[in-house]
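Trainee: Sequence first, then the predicted structure, then my questions.
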Amino acid sequence: TQRGPAGLVCPAGTSVVPSVVTHACPVASYCPEATWPQVACPRGTYNPSTHGASVANCTVCPAQYWCPANSSSYSSNVCEPGHFCPAGSYNNTAYKCPAGSYRGLTRGEA
């Protein structure tokens with residue numbers, strides 16, 4: 001047997017040489033060498049592309065947004081009013097506006 005290359009998934013019973021066309025690691029995850037199943041991008045990151053080979057393919061979620069684990073996008077995950085979301089946020093209400101301040105709009109950065 002041969003080890004499957006990074007960026008591709010190799011389920012049990014794979015009988016052909018894996019390729020990006022047939023065995024690409026799916027979005028929202030990454031696949032180190034000889035992976036099955038894929039590894040979800042950690043919370044606070046996202047990966048919109050296929051065939052990610054390492055956690056470095058998971059991009060930090062930008063400020064004003066939040067990314068749960070296994071995210072392929074951040075655009076629909078806006079920070080809630082009354083809260084702010086620094087880069088790498090994984091929850092839309094993790095950071096409350098401090099006493100004496102407020103944020104009435106979504107997408108609070110700081």
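Mentor: In hand now; what should we look at? Nothing here was measured: the structure is a model prediction, and the numbers come from that model. Residues are numbered from 1 along each chain as shown.

Trainee: List the contacts of the spatially most central residue of the chain.
Mentor: When CA atoms, centre = their mean is applied to the chain, the residue found nearest the centroid is Y46 (2.3 Å). Applying CB atoms under 8 Å, 6 or more residues apart in numbering, we find Y46 in contact with A28, C58, T59, C61, C67, S71, S72, S73, Y74. C-betas here are computed from N, CA, C, even on glycine.

Trainee: same thing but 6 Å
Mentor: Taking CB atoms under 6 Å, 6 or more residues apart in numbering as the criterion, Y46 is in contact with T59, C61, C67, S71, S73, Y74.

Trainee: Secondary structure, pLDDT and distance to T50 added to the residues you listed, as CSV?
Mentor: Below are these laid out as CSV (DSSP: H, G, I helix; E, B strand; the rest coil; pLDDT from 0 to 100; distance: CB to CB, whole Å):
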residue, secondary structure, pLDDT, distance to T50
T59, strand, 98, 14
C61, coil, 97, 19
C67, coil, 97, 18
S71, coil, 98, 14
S73, coil, 97, 14
Y74, coil, 97, 17
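
Trainee: which of the residues you listed count as buried?
Mentor: Burial by neighbour count, judged by 16 or more other CB atoms under 10 Å, picks out T59, C61, C67, S71, Y74 from the contacts of Y46.

Trainee: Helices of the protein, residue ranges please.
Mentor: Per DSSP state H, the chain carries helices over the ranges 20-23.
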